[in-house]
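In: need a structure here:
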Amino acid sequence: MADLAEKSRSPYALVWRRRIAKLAPTIDNRLALASVALRSQGPPYPLAAQTLDELKGSATNVAAYHVVSADFKPARAHELAKQVFSQHPGEAIVTSTYAYSLYLQGRTGDGLAILEKLKADALETPQVALYYGLLLSEAGDTNKGRQIPGHCPEDGASP
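Out: Presented below is the predicted three-dimensional model:
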């Protein structure tokens with residue numbers, strides 16, 4: 001409906017995009033909201049500015065993840081990951097990126113400590129469970145990893 005409202009230049013496009021961004025606050029949905037807000041509102045574009053401001057942490061986290069993963073300027077990458085984590089310590093994806101950064105620095109125990117502060121359901125999301133399992137394996141705690149849904153059974157067969 002939101003796409004249709006936008007294509008027809010309906011004044012309800014902004015209403016639909018707000019609903020979608022509220023129900024499913026993914027980066028893509030929030031960027032679409034900001035885009036429609038820029039076309040619908042006049043300066044100083046309050047909704048677009050607010051939405052983009054809220055996305056700063058996510059954007060920095062994505063950048064930190066890619067820099068950490070590519071091992072490009074690792075000191076800067078680790079600093080970015082730490083900075084975003086300090087600003088958004090309760091966000092599971094941000095926490096997992098920082099934990100992975102700590103792991104790459106040889107600080108697996110510190111990475112596990114911050115991951116284990118997350119709620120159990122956050123640890124079970126695929127994006128976080130991957131790093132949690134990696135750090136648990138590195139720490140030699142394979143029994144705890146078995147508690148993560150979707151793990152391979154003891155016989156090694158795929159789930």
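
In: For the residue nearest the centre of the chain, give its distance to Val84.
Out: A centroid search over the chain (C-alpha atoms, centre = their mean) returns Ile93, at 3.5 Å, as the residue closest to the centre. Ile93 is 10 Å from Val84, where distance means C-beta to C-beta, to the nearest Å. Backbone N, C-alpha and C define where each C-beta goes, glycine included.

In: ok, now Asp28?
Out: Distance, Asp28 to Val84, using C-beta to C-beta: 19 Å.

In: what's the answer for Glu54, then?
Out: Glu54 is 13 Å from Val84, by C-beta to C-beta.

In: Between these two, point out the one with more neighbours.
Out: Taking other C-beta atoms under 10 Å, Glu54 and Val84 do not tie; Val84 has more neighbours (27 against 13).

In: Same question for the more buried one, what's its three-state structure.
Out: With DSSP: H, G, I helix; E, B strand; the rest coil as the basis, the three-state label of Val84 is helix.

In: what about it, distance to Pro74?
Out: Where Pro74 is concerned, Val84 sits at a distance of 16 Å (C-beta to C-beta).

In: Please apply the same query to Val128.
Out: Going from Val128 to Pro74 by C-beta to C-beta gives 22 Å.

In: more crowded one of these two?
Out: Val128 (21 against 14).

In: Identify the residues contacting that one.
Out: Val128 sits next to Ala92, Ile93, Thr95, Ser96, Leu115, Leu118, Ala122 when contact means C-beta atoms under 8 Å, 6 or more residues apart in numbering.

In: Let me know the helix or strand that the third one is in.
Out: Put plainly, it is Thr95. Assignment of secondary structure by DSSP states H and E places Thr95 within helix 92-104.

In: mind showing which ranges of the chain have poor pLDDT?
Out: Within the chain, the segments meeting pLDDT under 70 span 1-9, 57, 59-73, 144-159.

In: Specify the residue ranges that define each domain of it.
Out: As assigned by automatic domain parsing, the chain contains the domains 2-54, 57-145.

In: before we move on, back to that, the residue nearest to the centre of the chain is in contact with Gln127, isn't it?
Out: Yes: with contact defined as C-beta atoms under 8 Å, Ile93 counts as touching Gln127 (5.8 Å).

In: still on that earlier bit, looking at the domains of the chain, which is buried most?
Out: Ranked by mean neighbour count, the domains of the chain are led by domain 57-145 with a mean of 17 (mean count of other C-beta atoms under 10 Å).
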